[in-house]
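J.: give me a model of this one.
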Amino acid sequence: MKHIAIIMGGYSSEYQISLNSGNVVYETLDTTKYKAYRIHIFKDKWVYVNDENTEFPIDKNDFSVEVEGNKITFDCVFNAIHGSPGEDGFMQAYFKLLNIPHTSCSMYQAALTFNKRDLLSTLKPYGIKTAESFYLNLDDTVNEDAIIAKVGLPCFVKANKAGSSFGVSKVHKKEDLQNAIDVAFKEDDEIIIESFLEGTEVSVGVITYKGKTKVLPITEIVSENDFFDYEAKYLGKSQEITPARLSAEQEAKVTAEAKKVYKVLKMTGFSRSEFIFKNGEPHLLEVNTVPGLTKASILPQQAAAAGISLVDLFGNAIEEALRSLP
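T.: Numbers count the residues shown, from 1 in each chain. Presented below is the predicted three-dimensional model:
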């Protein structure tokens with residue numbers, strides 16, 4: 001029986017979504033193979049939470065916990081932390097130092113994909129198409145005319161390192177630009193301003209499944225709001241259509257691009273890439289390496305469409321991680 005630590009929570013605005021994801025994993029894992037432990041990771045405490053909601057502190061020296069005089073260590077970590085420190089490389093580096101396998105990608109890949117600007121810059125030489133973009137750091141002088149000349153209107157203003165559409169605004173008029181920049185800077189000290197791409201938006205899950213890279217059925221995002229924002233993602237203000245209503249050519253193109261991104265970045269574990277079609281060509285928006293895992297989340301929907309149950313999806317992630325041990 002393998003002892004599995006499911007880490008959830010985190011330090012970002014997404015902690016509640018992460019707790020939901022982590023609890024779904026906890027309730028789903030095959031209890032004949034795995035003994036699962038819910039581990040809450042917060043800035044002020046790392047604790048194991050049992051079924052009675054009693055908390056036991058984690059020893060950060062070796063990522064162990066003592067329960068009623070017994071020291072428990074873990075064979076594998078299932079990472080369900082969206083945002084920092086689970087999706088930006090910190091937890092991956094920590095577990096690498098402790099030589100504990102985990103279900104997400106490696107430290108460098110996590111840090112790179114979490115930084116939208118660096119990710120897009122890295123992939124550009126490989127022919128991956130992206131929107132026009134303009135970068136700002138906190139305390140930079142804001143030249144609105146230069147920004148609009150580069151990216152046009154409408155445009156998107158985004159926090160560079162944040163998930164779940166926190167700190168994202170769609171700007172239609174020049175006079176609204178400064179407020180959108182202020183909103184993004186509340187989430188991060190770096191922002192990215194991108195041209196608006198008019199076209200079908202899709203989300204493509206790519207995973208390592210039974211030792212092979214597998215592209216899952218594609219999801220089309222149809223938002224009731226002006227774009228796929230937090231409300232659209234989590235409060236039911238969008239339609240997520242799996243499989244997406246794409247032509248055979250579009251489907252082939254975006255499948256190839258998503259697989260290429262996964263391979264170029266040497267990814268492992270789960271990933272979910274967002275694309276928008278412009279003039280028939282998929283343009284990459286971002287890559288998530290710890291996508292939502294609730295029953296309503298996109299990746300589980302895609303797995304279901306591929307005939308992969310949640311039990312199988314989560315169990316496979318653990319087996320892949322254990323296989324990576326030297």
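
J.: point out where this protein drops to low pLDDT.
T.: Applying pLDDT under 70 to the chain flags residues 162-165, 224-237, 326.

J.: quick check: most distant residue from the centroid of it.
T.: Of all residues in the chain, Gly69 has its C-alpha farthest from the mean position, at 36.9 Å, by Cα atoms, centre = their mean.

J.: what residues of stretch 106-117 count as buried?
T.: 106-107, 109-116 (16 or more other Cβ atoms under 10 Å). Backbone N, C-alpha and C define where each C-beta goes, glycine included.

J.: likewise stretch 4-18?
T.: Across stretch 4-18, burial judged by 16+ other Cβ under 10 Å covers 4-15, 17-18.

J.: those: which two are farthest apart?
T.: Ile4 and Ser13 (26.5 Å; Cβ to Cβ).

J.: how does this protein divide into domains?
T.: 2-104, 111-127+198-323, 133-195 (automatic domain parsing).

J.: once you drop chain neighbours, what's closest to Ala93?
T.: Met107 (4.3 Å; Cβ to Cβ, 6 or more residues apart in numbering).

J.: picking up where we left off before, what is the nearest of the buried residues of stretch 106-117 to Gly83?
T.: Closest to Gly83, out of all of the buried residues of stretch 106-117 and judged by Cβ to Cβ, is Phe114, at 8.2 Å.

J.: who's in contact with that closest one?
T.: 84, 87-89, 161, 163, 289 (Cβ atoms under 8 Å, 6 or more residues apart in numbering).

J.: span of stretch 159-176 from start to end?
T.: 16 Å (Cα to Cα, to the nearest Å).

J.: please disregard the earlier target; I meant stretch 161-181.
T.: 14 Å.

J.: same thing with stretch 47-63?
T.: Using Cα to Cα, the two ends of stretch 47-63 sit 10 Å apart.

J.: same thing with stretch 29-39?
T.: So stretch 29-39: terminal residues 15 Å apart, Cα to Cα.

J.: how far off centre is it?
T.: 23 Å (Cα atoms, centre = their mean, to the nearest Å).

J.: repeat that for stretch 135-143.
T.: 26 Å.

J.: ok, stretch 53-68 next?
T.: 27 Å.

J.: contacts for it, please.
T.: With Cβ under 8 Å, 6+ apart, stretch 53-68 has contacts from 5, 37, 39-40, 45-50, 71-74, 77, 94-95, 98, 100.
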